[in-house]
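Participant: Predicted model and sequence below, questions to follow.
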Amino acid sequence: MTRFHSYLDYLYDTNWTPERHWRKVYKSDGTMREFIVFIMIPLLVTPYKILVYNSQYGYSHSKFMGKIADVLVDAGHNVSSLIPIVNTGSVDVTTKSSKIYVPQSSATAELMKKYDAELDVFSINSLNPIGSILLGMYFSSTFGSQCRAVLEETQLIEKLRDEEYDVMITENVDVCGTALTELIKPKTFILTSSSMIVGSQFEEFGIPTAMSYNPEPYISPMNVHSMWDRLLNIYANILVRHSFGSIRTAVDALFKEKFGQTFPSVLEISANSAYVFVNSEPLIDFAAPTMSKVIHIGGIGAQEPKSLDEDWKDILSKREKTVLLSFGSVTQSSKLKMPIKLSIIETVKSFPHVTFIWKYEEEDDFTMEIASKIDNLHLTKWMPQVDLLAHPNLSLFITHGGMGSTQET
């Protein structure tokens, strides 16, 4: 306390003069040095105010953004998550940040219902231009519709701007968040990609493409070597850009409609990002040019496996081997055509000594009349995937190859 009182005496010295000041500075007992450290501590521990734009449309994407928010909260920062609900069947995942929801608009709900009935992702050939057009229509209409709902929340946007955030973080898939940075005016902003960098993101992030040897996602199993491979890669690049470029066109048009033709494009705004967080692991990714602003944080959403509850333990202990079948949160098994479902059933029946756990999202006629009668098949709408993968009886994981599932494996 004596030393602390000496600091207060220094602050409230009414007889201060430059000579007295420098005599105190050069006192040999080190009091002044300690005082300087003491008054600088608040400057060193001041948290940042951060806004995370976490569009709720797919579990793995929301999980990635939610994990970023939670990690920043753990680091002591003041984090809020702005969550426009595109898909009510998904969840926002973040458990530690403050949440600000923008409810799904009636127009978005109608579009989701329409595409849920019409868009069959399992039958789309990735190299068929019709599939690219359908995906582009899906992204641009649903994301664009909910983006319009966000812009109608004018009081919310004004309140967010008044918060004077230090940082805003937004994923560059639903690019409404990217354009919103111009309205919310954070001191700086960071873009993210919950998978690899694709399509228009190369230009937006300022990263050179390498199509002569780096395959596009639609042909990622192929090694690009021959002239034909490279021509096919260019074609795949055009399709990818259309699939994910339509939403950019829609958002650009929406913001120019609302705020005038001089409003900057998503491309122009993205070029000013401070960093880009990418959910990929360089050791298993294709080699490609990059930049210092690109930070790979692959696996940030992965969790330490926990012990399974008794119900799951009973399921995995029924047989020596267990197979897990899951196509993620976007490509749902319940949307498979009946012949494919029946072929899976026949495969399961041909391995009676193996337990199959199948992520199936609906309780329909197929589950009640066919799947429920198979002794070694267990259907579940959701499961603790990380915990199951760590169990010694889990012998095989059949997955759609999503970034989250790949890294958890």
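Facilitator: Received it, and whenever you're ready, just let me know what you need.

Participant: Give me the contact list for stretch 181-194.
Facilitator: With contact meaning C-beta atoms under 8 Å, 6 or more residues apart in numbering, stretch 181-194 is reached by 51, 60-61, 64-65, 68, 157, 160-161, 164-173, 178, 201, 204-205, 255, 259, 263-264, 269-270, 272-280, 403. Glycine gets a C-beta too; all of them are placed from N, C-alpha and C.

Participant: and the biggest helix by length in the chain, what does it pack onto?
Facilitator: When the chain is parsed with DSSP state H, its longest helix is helix 227-259. Packing partners of helix 227-259 (3 or more C-beta pairs under 8 Å, 6 or more residues apart in numbering; DSSP states H and E): helix 129-151, helix 176-184, helix 266-270.

Participant: Name the nearest residue to S265, ignoring sequence neighbours.
Facilitator: Sequence neighbours aside, D252 is the residue nearest to S265 in space, at 5.0 Å (criterion: C-beta to C-beta, 6 or more residues apart in numbering).

Participant: Quick check: buried residues in the longest helix of the chain?
Facilitator: Residues of helix 227-259 classed as buried: 229, 232-233, 236-237, 239-248, 250-252, 254-255 (neighbour count, 16 or more other C-beta atoms under 10 Å).

Participant: domains of this structure?
Facilitator: Split into domains by automatic domain parsing, the chain comes to 2-45, 49-296, 310-408.

Participant: V52 is in contact with V79, isn't it?
Facilitator: Yes - with contact defined as C-beta atoms under 8 Å, V52 and V79 form a contacting pair (6.3 Å).

Participant: Would you mind grabbing the residues shared as contacts by the two?
Facilitator: By C-beta under 8 Å, 6+ apart, V52 and V79 have these common neighbours: A69, L72, S97.

Participant: What count of nearby residues applies to H225?
Facilitator: H225 has 10 neighbouring residues, counting by other C-beta atoms under 10 Å.

Participant: And it, how far from T399?
Facilitator: In this view, H225 and T399 are 27 Å apart by C-beta to C-beta, to the nearest Å.

Participant: mind listing the helices for the stretch 1-150 of the chain?
Facilitator: Secondary structure of the stretch 1-150 of the chain (DSSP state H, counting those that start in this stretch): helices at 2-11, 18-25, 31-45, 59-74, 106-118, 129-151.

Participant: could you give me the average pLDDT of the third one?
Facilitator: For helix 31-45, the per-residue pLDDT values average out at 57.

Participant: And for the second one?
Facilitator: Taken as a whole, helix 18-25 has an average pLDDT of 54.

Participant: which residues of the stretch 251-400 of the chain score low on pLDDT?
Facilitator: Per-residue confidence for the stretch 251-400 of the chain (pLDDT under 70) gives these ranges: 301, 330.

Participant: at 90 instead, please
Facilitator: The stretch 251-400 of the chain contains residues with pLDDT under 90 at 279-292, 298-308, 326-338, 340, 360-365, 367-368, 371-372, 381-386, 399-400.

Participant: quick one, strands of it?
Facilitator: Residue ranges of the strands in the stretch 251-400 of the chain, as given by DSSP state E, counting those that start in this stretch, are 275-278, 294-296, 321-326, 354-359, 377-380, 394-399.

Participant: number of nearby residues for K381?
Facilitator: The number of residues packed near K381 is 11, by other C-beta under 10 Å.

Participant: Repeat that for M291.
Facilitator: A count of neighbours around M291, defined by other C-beta under 10 Å, yields 11.

Participant: Identify the residues contacting it.
Facilitator: F205, G206, I207.

Participant: Buried residues, stretch 86-94. List them.
Facilitator: Along stretch 86-94, the positions that meet the burial threshold by neighbour count (16+ other C-beta under 10 Å) are V86, N87, S90, D92, V93, T94.

Participant: so who does A287 touch?
Facilitator: If a contact means C-beta under 8 Å, 6+ apart, then A287 has N214 as its contacts.

Participant: quick revisit: would you mind telling me which of the helices and strands packed on helix 227-259 is nearest E361?
Facilitator: Distances from E361 to each of these were compared using C-beta to C-beta; the minimum, 18.3 Å, belongs to helix 129-151.

Participant: what's the closest one packed up against?
Facilitator: Contact here means 3+ C-beta pairs under 8 Å, 6+ apart; on that basis helix 129-151 packs against strand 78-84, strand 98-102, helix 106-118, helix 176-184, helix 227-259.

Participant: Repeat the analysis, applying 6 Å as the threshold.
Facilitator: Contact analysis of helix 129-151 by 3 or more C-beta pairs under 6 Å, 6 or more residues apart in numbering; DSSP states H and E lists helix 106-118, helix 227-259 as its packing neighbours.

Participant: Quickly, which of those helices bottoms out on average pLDDT?
Facilitator: helix 106-118 (a mean of 86).

Participant: quick revisit: can I have the buried ones of the contacts of M291 as a ChimeraX selection?
Facilitator: For anyone working in ChimeraX, the buried entries among the contacts of M291, judged by 16+ other C-beta under 10 Å, can be selected with:
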select :205,207
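
Participant: which of the contacts of M291 lies closest to L119?
Facilitator: Closest approach between the contacts of M291 and L119, by C-beta to C-beta: F205, at 28.3 Å.

Participant: Tell me how far the closest residue to the closest one other than its chain neighbours lies from R161.
Facilitator: Ranked by C-beta to C-beta, 6+ apart and with sequence neighbours excluded, the top spatial neighbour of F205 is V276, at 5.0 Å. Relative to R161, V276 is positioned 24 Å away (C-beta to C-beta).

Participant: Next: E153.
Facilitator: In this structure, E153 lies at 12 Å from R161, with C-beta to C-beta as the measure.
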